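Asks: Sharing a sequence plus its predicted fold:
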Amino acid sequence: MEIDPIIVSTLLIEDEENEIPQREKRIWVHSINLKRQWFGEYYSLYPDLLKDDKRFFKYFHMTPLKFRQLLGMLEPHITRQNTRYRMAIGPEERLVVCLRFLTTGNSFTSLADNYRLGETTVREIVYSTCEAIWAFIQPIVMPTPNENLWLSSEAQFRERWNFPNAVGALDGKHILIEAPQHSGSNYFCYKKHFSIVLLALVDANKKFIAVDVGAFGKNSDARIFQNSNMGQSLREGNFNMPPPKPLPDGNNLPHVIVGDEAFPLCTYLMRPYSRDDVKGNEEKKIFNYRLSRARNTVENAFGLLVRKFRLFEHKLHMSRDHTVTIILAICALHNFLREDICYWSKNDHVRLSDMRGIKNMRGARGNIRTTALAVRNTFKDYFCSEVGSVEWQRRRVREGKLH
C-alpha cells in the first residue's frame with residue numbers, strides 16, 4: 001500500500017504546529033566579569049598575599065593560618081554545586097569575598113568590581129557565608145555558658161582585675177542602620193539615627209560569652225536589657241550561674257556581672273554609684289574605680305571588634321535580618337581570632353568614638369531593690385578593707401582617674 005506524500009506532509013506540518021516551543025535559557029555575563037580569572041583580586045592578588053603573612057594580615061585582619069582553619073571549618077557548608085550553565089564560585093573565594101566585606105566595609109558594588117563578580121552574587125556570598133559562620137563557628141567559640149565557664153571567668157576577673165565574684169562585663173552599642181521600610185519610629189534612637197542594639201557580655205579575656213542583637217533602637221536601654229534573652233535568663237536564674245560564694249573577707253555574695261550606668265542595679269548586676277552619691281565619699285569612688293577597671297574588658301572588646309571589622313565605620317545599608325546575621329557572624333569571628341597573631345601598624349589604630357556606625361547606650365533610671373544596694377555596699381566595704389584593697393586605688397581616685 002502506497003502512502004500519499006501529500007498526507008505525510010500535512011501530518012508533519014500539524015505536528016510542528018502542535019509542538020510547544022522550548023524557551024532557551026539565556027546566560028548573560030558582563031564582559032568585565034568574563035575576565036575574572038585574569039584580573040579579579042582572588043586570582044590576581046590573593047595568591048601573592050598567601051606568601052607574605054604581614055600583607056595577608058593587613059588585607060584580611062587575620063593570619064593565613066587562622067584563615068585556613070576557618071576555611072576548613074566552613075568549607076562543607078559554603079560549597080556550591082556546578083550547574084550545566086556555569087561553574088560555581090569555590091568556597092575559598094567565597095570566604096575571601098565575605099571577609100573583605102567585613103574587614104573593610106566597602107560597598108557591594110565596589111567589591112563586585114574588585115573581584116569581577118555580579119553585585120547580586122557578592123550580596124549572596126556575604127549573607128550566606130555569615131549565616132554559616134554563626135551556625136557552625138559560634139557553637140565552638142561561643143558555647144552556651146555553663147557553671148564551669150562562669151567559674152573560669154571569675155578566676156580571671158579576680159586575678160587580673162581584682163574583682164572577685166565577677167563573671168562578666170556587660171555593655172551595649174547602637175549599630176546605625178538605614179531606616180527599615182514601614183518601621184515608623186521603632187528603630188529611631190536618641191542619637192537621632194536609626195539603629196539596632198548589640199548587647200554583649202564579655203569575659204576577662206575580652207571574648208564574648210553571649211550576645212543579643214536586633215532590639216529596636218528607640219527602646220530605653222534598661223528595657224532592652226530586661227527584654228533580651230540574656231536579661232530574662234539572668235532574672236529567672238536560667239543562665240547556669242554558680243551559687244554565691246564568700247569573698248576573701250568571709251562575706252557571702254552572689255556572682256555578678258559588672259556594667260555601667262546604662263543598666264539597672266540588681267543582685268546579679270553591679271553598676272556604679274551615681275555622681276551625686278560619690279560626692280565627698282571616697283569609699284564609693286573607690287568602688288566605682290574598681291568596677292570601671294573590671295568593666296573596661298567589654299569596652300576593650302568593642303575596641304578590638306571595630307579595629308578588625310571596619311564595617312562599623314559606616315551606617316549599614318541592608319535589611320534588618322541581614323544586618324543581624326552579619327553582626328552575629330562578626331562576634332563569632334572576634335572570638336575565633338582572639339588569640340591570633342596581629343601585625344597592626346600605627347596607622348591601623350582606631351578609637352571606638354571615631355566609628356560613625358556604632359554609638360553608646362544611655363544611662364538607666366528606676367527603682368533599686370534594697371538587696372541589690374546591700375550587695376553593692378558589701379563589695380564597696382570589701383574593696384576599702386585591708387583584705388580587699390589594692391595599693392594604688394586611693395592614689396588613682398584622688399588623681400581623678402577612673403581606670
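Replies: Great, that's in hand.
Asks: isn't residue 150 right up against residue 255?
Replies: Yes - using C-beta atoms under 8 Å, residue 150 is in contact with residue 255, at 6.4 Å. For glycine as for every other residue, the C-beta is placed from the backbone atoms N, C-alpha and C.
Asks: shared neighbours of those two, anything?
Replies: Common contact partners of residue 150 and residue 255 (C-beta atoms under 8 Å, 6 or more residues apart in numbering): 167, 241, 242.
Asks: Top of these by number of neighbours, please.
Replies: Most neighbours among those, by other C-beta atoms under 10 Å: residue 167, with 29 neighbours.
Asks: Just give me how far the helix or strand containing residue 295 sits from the chain centre.
Replies: Taking DSSP states H and E as the definition, residue 295 sits inside helix 282-308. Centre-to-centre, helix 282-308 and its host chain are 19 Å apart (C-alpha atoms, centre = their mean, to the nearest Å).
Asks: Now do the buried residues in it.
Replies: Residues 284-299, 301-308 are the ones in helix 282-308 that count as buried (16 or more other C-beta atoms under 10 Å).
Asks: can you check stretch 63-73 too?
Replies: Of all the residues in stretch 63-73, those buried under the rule 16+ other C-beta under 10 Å are 63, 66, 67, 70, 73.
Asks: I figured the third one was touching residue 61, is that so?
Replies: Put plainly, it is residue 67. No - with contacts counted by C-beta under 8 Å, residue 67 stays clear of residue 61, the gap being 10.2 Å.
Asks: Mind listing the shared neighbours of the two?
Replies: Jointly contacting residue 67 and residue 61 under the rule C-beta under 8 Å, 6+ apart are residue 99.
Asks: which residues in the stretch 1-150 of the chain form strands?
Replies: In order along the chain, the stretch 1-150 of the chain carries no strands (DSSP state E, counting those that start in this stretch).
Asks: got the residue ranges for the helices in it?
Replies: Secondary structure of the stretch 1-150 of the chain (DSSP state H, counting those that start in this stretch): helices located at 5-18, 36-39, 41-44, 46-49, 53-60, 64-78, 91-104, 108-115, 119-136, 138-141, 147-161.
Asks: again with the stretch 201-350 of the chain
Replies: Under DSSP H, counting those that start in this stretch, the stretch 201-350 of the chain gives helices at 221-227, 229-236, 275-278, 282-308, 320-336.
Asks: got any ranges where the stretch 301-403 of the chain has weak pLDDT?
Replies: 344-368, 401-403 (pLDDT under 70).
Asks: how about the strands in it?
Replies: Counting by DSSP E, counting those that start in this stretch, the segments of the stretch 301-403 of the chain that form strands are 358-360.
Asks: if we can go back for a sec, can you check which of the helices of the stretch 201-350 of the chain gets nearest to residue 110?
Replies: helix 320-336 (16.6 Å; C-beta to C-beta).
Asks: Taking helix 64-78 as reference, get the angle to that closest one.
Replies: 140 degrees (axes from the mean of the first three to the mean of the last three C-alpha atoms, to 10 degrees).
Asks: what angle do helix 320-336 and helix 282-308 make?
Replies: If you take the same axes, to 10 degrees, helix 320-336 sits at 100 degrees to helix 282-308.
Asks: What are the buried residues along helix 320-336?
Replies: Buried, per 16+ other C-beta under 10 Å, within helix 320-336: 320, 322-336.
Asks: which helices and strands sit right next to that helix?
Replies: Counting contacts by 3 or more C-beta pairs under 8 Å, 6 or more residues apart in numbering; DSSP states H and E, helix 320-336 packs against helix 64-78, helix 91-104, helix 119-136, helix 138-141, strand 195-202, strand 208-216, helix 282-308.
Asks: Tell me which of those approaches residue 159 most closely.
Replies: Nearest of those (C-beta to C-beta): helix 282-308, 11.7 Å.
Asks: Output the below-cut-off pLDDT ranges for this protein.
Replies: Using pLDDT under 70, the chain drops low at 1-28, 180-192, 215-221, 344-368, 401-403.
Asks: the longest strand in it is where?
Replies: Counting residues, the longest strand in the chain under DSSP state E turns out to be strand 166-176.
Asks: distance between that one and the chain's centre?
Replies: Counting by C-alpha atoms, centre = their mean, strand 166-176 is centred 11 Å from the centre of its parent chain.
Asks: between it and helix 320-336, how many degrees?
Replies: Orientation check (the same axes, to 10 degrees): strand 166-176 against helix 320-336 gives 140 degrees.
Asks: From the contact counts, what lies against strand 166-176?
Replies: Judged by 3+ C-beta pairs under 8 Å, 6+ apart, strand 166-176 is in contact with helix 147-161, strand 195-202, helix 221-227, strand 256-258, helix 282-308, strand 358-360.
Asks: okay if I get these as CSV plus distance to residue 80?
Replies: Formatted as CSV, these follow (distance: least, C-beta to C-beta, whole Å):
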stretch, distance to residue 80
helix 147-161, 36
strand 195-202, 30
helix 221-227, 38
strand 256-258, 42
helix 282-308, 27
strand 358-360, 33
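Asks: Which among these is found nearest to residue 57?
Replies: Nearest to residue 57, of all the helices and strands packed on strand 166-176, is helix 282-308, at 10.2 Å by C-beta to C-beta.
Asks: relative to strand 195-202, how tilted is the closest one?
Replies: For helix 282-308 against strand 195-202, the angle by the same axes, to 10 degrees is 110 degrees.
Asks: Distance of the nearest residue to residue 162 once chain neighbours are set aside relative to residue 287?
Replies: Nearest residue to residue 162, sequence neighbours excluded (C-beta to C-beta, 6 or more residues apart in numbering): residue 390, at 5.4 Å. According to C-beta to C-beta, to the nearest Å, residue 390 stands 13 Å off from residue 287.
Asks: Quick one: the helices of the stretch 1-150 of the chain as a markdown table, columns for distance to residue 315 too.
Replies: Below are the helices of the stretch 1-150 of the chain laid out as a markdown table (distance: least, C-beta to C-beta, whole Å):
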| stretch | distance to residue 315 |
| --- | --- |
| helix 5-18 | 58 |
| helix 36-39 | 30 |
| helix 41-44 | 25 |
| helix 46-49 | 29 |
| helix 53-60 | 23 |
| helix 64-78 | 27 |
| helix 91-104 | 15 |
| helix 108-115 | 14 |
| helix 119-136 | 17 |
| helix 138-141 | 25 |
| helix 147-161 | 34 |
